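J.: Please find the sequence and the predicted model below.
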Amino acid sequence: MTRVALAFSGGLDTTVCVPLLKEEYGHDEVVGVTVDVGQPESEFEEAEETAEALGLEHYVVDAKEEFADLCFDAVKANATYQGYPLGTALARPVIAEAILEVAKEQDCDAVAHGCTGKGNDQLRFETVWRDSDLEVIAPVRELGLTREWEIEYADERDLPVEAGDGGVWSIDTNIWSRAVEGGELEDPSYVPPEDIYEWTAEPEGETTIQVEFEAGVPVAVDGEAMAPVELIQYLNEYAGKYGVGRTDVMEDRMLGLKVRENYEHPAATVLLTAHKALEDLVLTKGERSSKEGIEQEWSEMAYKGLVFAPVVDALEAYVDETQDVVTGTATVKVQAGSCRAVARDSEYAVYSEEMASFNTEDVAGISQEDATGVAKYHGLQERLANNVKEGVTKPELATDGGNGSNDGNDETNE
Ligand code: ARG
C-alpha cells in the first residue's frame, strides 16, 4: 500500500495527475495538498470542488505568515530579479516545505507536482523534496504531457475540469505578486490588454503613503501598525488603486529560455521603494554600494528557489548587520502608475543639515577653506596620467594611411 502527496491546485495539470499517479506510477492512494500563500478565495473553492468530485483526500495548509516573513527578508535585501519582486520564486520553497510536512504526517512514500519540464518551478520544488527520503514524481514532465493530451484524457475519463476556458492566461497569485503569462502574451510584440490586470487599476490619480520601518522591517502604514500579512494585503489593495506595481519583462529562466512575463505587485513596489529610500538616508556610501552586490546574489538565489541555502544565511547576516539603523519612516508618492520616494526620516540619519547647508559657518572645527587642499589633490593621478599619454605614440595609427601624426583628435581614429 503506497501513498503519494500531490501539490494540488484543482487546475488541469494537477487534476490529470491524480489518476496518472495510480495508473502510471502504481501508487494506491493520492493525497492532494493545497498551500495557502494568499491566492484568491476562488482558487481554494476550485481546489475543494475538484478534490470532492475526484474523491481525493485533500488538505489545505495556511503558510501565509511564514511566506510574509520571507517577503520581508526580501524587502531587507531590496530583492528583485530582472525587475520582478520574486513572488512566485519566493513562494515555491514555502509551498514545497508545507507539502513535505503533510506527506510525512500522512505516511506518504512519494511527493508529486504538476509542473512542466520547461519552467522554474520544477527545480524550486524538487530541491526541497530531494532532501527527503521520499520519491519525487513529476508526471507532466516525465510523461511528456501536452495541454491538448490532458484535455482529451480528462474528457475520456470524465474528470472534473472546467470545460475549455481554463482561462486565456496562465496566472500565479500569492500575496507578493500576481504573475500572468501564456496565450497571446507569449508574443513579446503583443501589447497586453487592460484585462490581464486585476490588482492594479488603469494608472491614474495620486496619493502619498508613509511606511514605518523597524530594523528594516515594515511595521506600519500611514501611522497604523499592522501585522505582515495584513500590511501586504492592505497595500496591494490601496496602492493598486493608483495603478502602481506593474512589470512587463523578458525573463531569463533557469533553463535558459526567455519568456515574456507580466506581473502586478503594488505592495512590493511601495515597500521596496520606501525601504530603499530610508536606507539611502541612514547607510554610509560603502554600505550602500557593497550591499548592492549582496542584494543581487540574494535575489539570484531566491529566483532559483534556494533561499534555504547556507550562502543565503551568510548574505542575510550581512543584510541584518546593516538593518539596525533602518528604523524610521519613508513616504512614497504613487501617481499614475509610478512610485517614488518623496520623504524620509530617521533618528539614525547619517546626515547633518548643519554641515551640508550653504548657510552655516564652521561646524566641527572644519571650515570651507579646509577643502582647498582636497581640491588641489583631487584628480591628481588622472591629470598626471593624461599628460603622460599625450607623449605616447600609437603604432597602428602611425602606419595606417601613412599619416603618423597624432593630433589628439580621437573621434576620427575609431
Ligand atoms: N516566471 C516567473 C518565475 O518563474 C513566474 C511564473 C508564474 N507562473 C505563471 N503561471 N504565471 O518566477
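T.: All right, it came through fine.
J.: Does the strand or helix carrying residue 92 reach the ligand?
T.: Residue 92 belongs to helix 87-105 when assigned by DSSP states H and E. Yes: using Cβ under 6 Å from any ligand atom, helix 87-105 reaches the ligand at 88-89. C-betas here are computed from N, CA, C, even on glycine.
J.: The next helix or strand after that helix - contacts with which helices or strands?
T.: The helix or strand immediately downstream of helix 87-105 is strand 110-112, counting by DSSP H and E. Packing partners of strand 110-112 (3 or more Cβ pairs under 8 Å, 6 or more residues apart in numbering; DSSP states H and E): strand 3-7, helix 87-105, strand 135-137.
J.: who touches the residue nearest in space to the middle of the chain in this structure?
T.: Closest residue to the average C-alpha location of the chain: residue 86 at 1.5 Å, with Cα atoms, centre = their mean. By Cβ atoms under 8 Å, 6 or more residues apart in numbering, the residues touching residue 86 are 74, 79-80, 176-177, 299, 302-303.
J.: re earlier: list the buried residues in the helix holding residue 92.
T.: 87-100, 102-103 (16 or more other Cβ atoms under 10 Å).
J.: tell me the two of those residues that are most distant?
T.: 87 and 103 (24.5 Å; Cβ to Cβ).
J.: picking that back up, so how far is the helix holding residue 92 off the chain centroid?
T.: 17 Å (Cα atoms, centre = their mean, to the nearest Å).
J.: Which strands or helices does it pack on?
T.: strand 3-7, strand 29-36, strand 57-62, helix 64-76, strand 110-112, helix 121-129, strand 178-181, helix 285-303.
J.: Of the ones you listed, give the one that comes closest to the ligand.
T.: The ligand lies closest, by Cβ to the nearest ligand atom, to one member of the helices and strands packed on helix 87-105: strand 178-181, at 3.6 Å.
J.: could I have stretch 184-200 exported to PDB, CA atoms only?
T.: Below are the C-alpha coordinates for stretch 184-200, written out as PDB (Å, rounded to 0.1, in the frame of the first residue of the first chain):
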ATOM      1  CA  GLU A 184      -1.100  35.900 -26.800                       C
ATOM      2  CA  LEU A 185       1.300  37.300 -24.100                       C
ATOM      3  CA  GLU A 186       3.900  34.700 -25.400                       C
ATOM      4  CA  ASP A 187       4.400  37.100 -28.400                       C
ATOM      5  CA  PRO A 188       6.800  39.800 -27.000                       C
ATOM      6  CA  SER A 189       5.500  42.300 -29.500                       C
ATOM      7  CA  TYR A 190       1.900  41.900 -28.300                       C
ATOM      8  CA  VAL A 191       0.700  44.800 -26.100                       C
ATOM      9  CA  PRO A 192      -1.200  43.400 -23.100                       C
ATOM     10  CA  PRO A 193      -4.900  44.400 -22.800                       C
ATOM     11  CA  GLU A 194      -6.000  46.100 -19.600                       C
ATOM     12  CA  ASP A 195      -7.900  43.000 -18.500                       C
ATOM     13  CA  ILE A 196      -4.800  40.900 -17.700                       C
ATOM     14  CA  TYR A 197      -4.600  43.200 -14.600                       C
ATOM     15  CA  GLU A 198      -6.700  42.500 -11.500                       C
ATOM     16  CA  TRP A 199      -4.800  44.200  -8.700                       C
ATOM     17  CA  THR A 200      -3.900  47.400 -10.400                       C
END
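J.: Centre of the chain to it, how far?
T.: The answer for stretch 184-200 is 19 Å, by Cα atoms, centre = their mean.
J.: and it, does that touch the ligand?
T.: No: Stretch 184-200 lies apart from the ligand when judged by Cβ under 6 Å from any ligand atom; the minimum separation is 9.3 Å.
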